[in-house]
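# Fold the following.
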Amino acid sequence: MDINQINDVKEENEMTIITLTSMNEEEFNLFLDATVPRYAQSVSKAQEISFESALEKATSQTGTLLYEGLQTPNHYFFQILCDGTSIGNLWIYIDVNTNSAFLYEIFIVEEGRGKRIGYHAIKKAEEWLIHEKGVPKFGLHVFAYNERAHKLYQKLGFQEISFTMSKTIEP
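Predicted coordinates:
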């Protein structure tokens, strides 16, 4: 099974079928238009900076990472389908030098949250990584304020390997 056939792997989730499909150019452009401000919002909240500053940072970082858009080597973009309807997306990068993967983003629309869709989507991504790409390591970053995501990743077996800490120094 290759990347274009990952949608053939389905998982039952309380009478729901979760499927991952590769994004096409149109879906990727919609994803990019949404993910940059979404990431900026998270950076703004976590670093206590203005949204405008965070958006500038997010736009620059995303542009650097995805220098060839959808065709950027080793970056993979999936729609998460719930019973055939798009309910979110996944962005995974594979570092061929370390044979490891990094989850840049998983996003589930509000009405799909709390229904284990993210859990099953990540499990599908893990299956694809190990069975189709031969990648045994999977990492991610989660902002400290996002306790819900942190709990999800712990349930999936992700372990904390470092912490970034910050404080405001009073004059």
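# For this protein, just list every one of the helices.
25-47, 51-65, 117-132, 147-155 (DSSP state H).
# Skipping its backbone neighbours, what lies nearest the most centrally placed residue in the chain in space?
Taking Cα atoms, centre = their mean, the centroid of the chain lies closest to Glu105, which sits 1.9 Å from it. Excluding the flanking residues, the one nearest Glu105 by Cβ to Cβ, 6 or more residues apart in numbering is Trp91, at 4.4 Å. The C-beta positions use only the backbone N, C-alpha and C, and glycine is treated the same way.
# same deal with His150?
Going by Cβ to Cβ, 6+ apart, His150 has Val142 as its nearest residue, at 5.2 Å.
# Report the separation between Ser100 and Ala144.
Note on Ser100: its distance to Ala144, by Cβ to Cβ, to the nearest Å, is 23 Å.
# what do you get for Ile106?
In terms of Cβ to Cβ, Ile106 sits 17 Å off from Ala144.
# before we move on, what about Met23?
From Met23 to Ala144 the distance is 29 Å (Cβ to Cβ).
# What of Ser50?
As judged by Cβ to Cβ, Ser50 and Ala144 stand 19 Å apart.
# now swap in Phe102 and tell me
Using Cβ to Cβ, Phe102 is found at 18 Å from Ala144.
# if you count what's nearby, which of the two comes out ahead?
Counted by other Cβ atoms under 10 Å, Phe102 and Ala144 do not tie: Phe102 has more neighbours, with 17 against 11.
# what sits opposite Ile92 in the beta ladder?
Counting by DSSP bridges, Ile92 is bridged to Tyr76, Leu103.
# In contact with Lys133, which residues?
Lys133 makes contacts with Ile94, Ala101, as judged by Cβ atoms under 8 Å, 6 or more residues apart in numbering.
# Show the contacting residues for Asn24.
Taking Cβ under 8 Å, 6+ apart, we find Asn24 in contact with Leu70.
# Kindly report the same for Ala149.
Val142, Phe143.
# Before we move on, what's the pLDDT of it?
Per-residue pLDDT puts Ala149 at 92.
# And the one 10 residues further on, by the same measure?
The per-residue pLDDT reported for Gln159 equals 94.
# Phe31 versus that one, what's the distance?
Counting by Cβ to Cβ, the gap from Gln159 to Phe31 is 28 Å.
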